[in-house]
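S.K.: turn this into a structure:
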Amino acid sequence: MSTSAEIAARRFVTAAQSVTEQSPFTLNAWLSRPDVVPCQDLLLVRATMEPGRCHAFHHHPTREEIIYVLSGQAEQWCGPEHRILKPGELVLIPKGEVHGTYNPFREPVVFLAILAPAEAAEPAMVDVSTEEPWVSLRAQQGLAACV
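M.R.: Down below sits the predicted model:
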């Protein structure tokens with residue numbers, strides 16, 4: 001565990017200094033957040049999503065986000081539109097835009113999620129996956145539910 005003085009002086013982050021956590025959606029390695037580096041504007045997490053998993057439809061009322069795929073593929077939604085993102089591709093998600101990341105493929109998808117600002121008013125995330133039109137949007141297109 002790093003002290004606040006160590007964090008305040010940190011500019012480089014090793015894998016050992018990242019903060020790893022398992023969310024309901026992904027295994028996360030936080031590389032930039034206030035308990036890792038003295039960031040003010042940027043959050044950065046490397047997320048690994050296993051096959052069949054998803055971060056279902058939600059939005060961030062106070063943050064914009066970029067999702068950049070490192071390996072694997074992601075079925076990425078931004079509003080009612082979706083694309084398959086492959087390595088080297090990204091989506092820009094404006095503040096408040098409903099989006100979801102799904103992995104219906106046979107291999108994990110690893111991506112970077114960059115969010116700004118680092119310090120923002122709550123709620124950080126609002127789940128809308130049980131509300132229309134989001135709850136039935138993928139099913140209407142014949143896409144399987146995630147686990």
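S.K.: where along the chain do the helices fall?
M.R.: Along the chain, counting by DSSP state H, helices occupy 4-9, 134-140.
S.K.: deepest-packed of the ones you listed, please.
M.R.: helix 134-140 (a mean of 15; mean count of other Cβ atoms under 10 Å). Every residue, glycine included, has its C-beta placed from N, CA and C.
S.K.: what helices or strands is that helix leaning on?
M.R.: strand 54-59 (3 or more Cβ pairs under 8 Å, 6 or more residues apart in numbering; DSSP states H and E).
S.K.: now do the contacts for the residue positioned nearest the centre of the chain.
M.R.: Nearest to the geometric centre of the chain sits residue 113, at 4.6 Å (Cα atoms, centre = their mean). By Cβ atoms under 8 Å, 6 or more residues apart in numbering, residue 113 lies in contact with 43-45, 47, 65-67.
S.K.: could you redo the last one with a cut-off of 10 Å?
M.R.: 26, 28, 30, 43-47, 55, 65-68, 93, 101 (Cβ atoms under 10 Å, 6 or more residues apart in numbering).
S.K.: out of those residues, which is most surrounded?
M.R.: residue 101 (28 neighbours; other Cβ atoms under 10 Å).
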